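1. Provided below for reference: sequence and predicted model.
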Amino acid sequence: MEFRIDRRSGVAAYQQIVQQTRQALRLGVLVPGDQLPTAKAVTEICAVNPNTTLKAYRELEREGLVELRQGQGTFVCQSLARPQAAADSPLRGELETWMDRARAAGLEQEDVTALVVSVMAERYAGTRAAAGNEGHA
């Protein structure tokens with residue numbers, strides 16, 4: 001796995017590492033047993049302070065997604081992957097087709113992001129509220 005830090009995004013570098021790791025876990029790119037890059041390697045590739053990477057890895061460890069092994073590295077211990085989100089899933093294929101159509105229609109990446117975020121907010125708004133109210137009846 002190789003991290004990409006976007007300094008113009010307004011999102012802290014450590015948070016980008018956390019988000020990219022979660023995404024890789026959801027897509028099955030990372031699976032339990034996989035080793036994450038060392039803080040030194042991330043520093044060299046992404047030009048971030050080693051403490052930035054360590055902060056991200058500690059957050060992932062608190063979430064139970066990775067395990068830091070002294071002297072060995074950081075290893076994935078939990079997957080977030082769902083078969084419906086796999087690279088070969090029908091849903092992904094439909095999304096790729098939709099993205100191709102959006103691009104052919106002249107939409108820029110920011111337009112597509114705005115559309116997806118807007119529709120996702122509408123469709124998942126009730127789900128989020130219901131999840132937040134569990135156990136509070």
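-> Right, received. Where do you want to start? Since the structure is predicted, the reported quantities are computational estimates derived from the model, not experimental observations. Residues are numbered from 1 along each chain as shown.

2. Retrieve the pLDDT associated with the residue lying closest to residue 25 once chain neighbours are set aside.
-> Nearest residue to residue 25 in three dimensions, chain neighbours excluded: residue 80, at 4.1 Å (Cβ to Cβ, 6 or more residues apart in numbering). Heads up, the C-betas are built off the backbone N, CA and C, glycines and all. According to the predicted model, the pLDDT of residue 80 comes to 89.

3. wait, isn't residue 80 in contact with residue 26?
-> Yes - Residue 80 lies in contact with residue 26 (Cβ atoms under 8 Å); the separation is 4.5 Å.

4. The chain: strands as residue ranges?
-> Along the chain, the segments classed as strands by DSSP state E run 66-69, 73-76.

5. How is the chain divided into domains?
-> The chain is divided into the following domains under automatic domain parsing: 13-76, 83-132.

6. Determine which stretch of the ones you listed is the most buried.
-> domain 13-76 (a mean of 17; mean count of other Cβ atoms under 10 Å).

7. ok, now which ones touch residue 17?
-> The contact partners of residue 17, taken as Cβ atoms under 8 Å, 6 or more residues apart in numbering, are 3, 5, 42, 52-53, 56-57.

8. Pick out the most distant pair among these.
-> With distances taken as Cβ to Cβ, the most widely separated pair in the contacts of residue 17 is 5 and 57, at 14.9 Å.

9. ok now do the residue nearest to the spatial centre of the chain, which residues does it touch?
-> A centroid search over the chain (Cα atoms, centre = their mean) returns residue 23, at 2.4 Å, as the residue closest to the centre. Neighbouring residues of residue 23 by Cβ under 8 Å, 6+ apart: residue 29.

10. Which strands or helices does the helix or strand of the chain with the lowest mean pLDDT pack on?
-> For the chain, the helix or strand with the lowest mean confidence is helix 109-132, at a mean of 79 (criterion: mean pLDDT, DSSP states H and E). Contacting helix 109-132 under the criterion 3 or more Cβ pairs under 8 Å, 6 or more residues apart in numbering; DSSP states H and E are the following elements: helix 90-104.

11. Over the helix it packs on, what's the mean pLDDT, rounded is fine.
-> This predicted structure assigns helix 90-104 an average pLDDT of 91.
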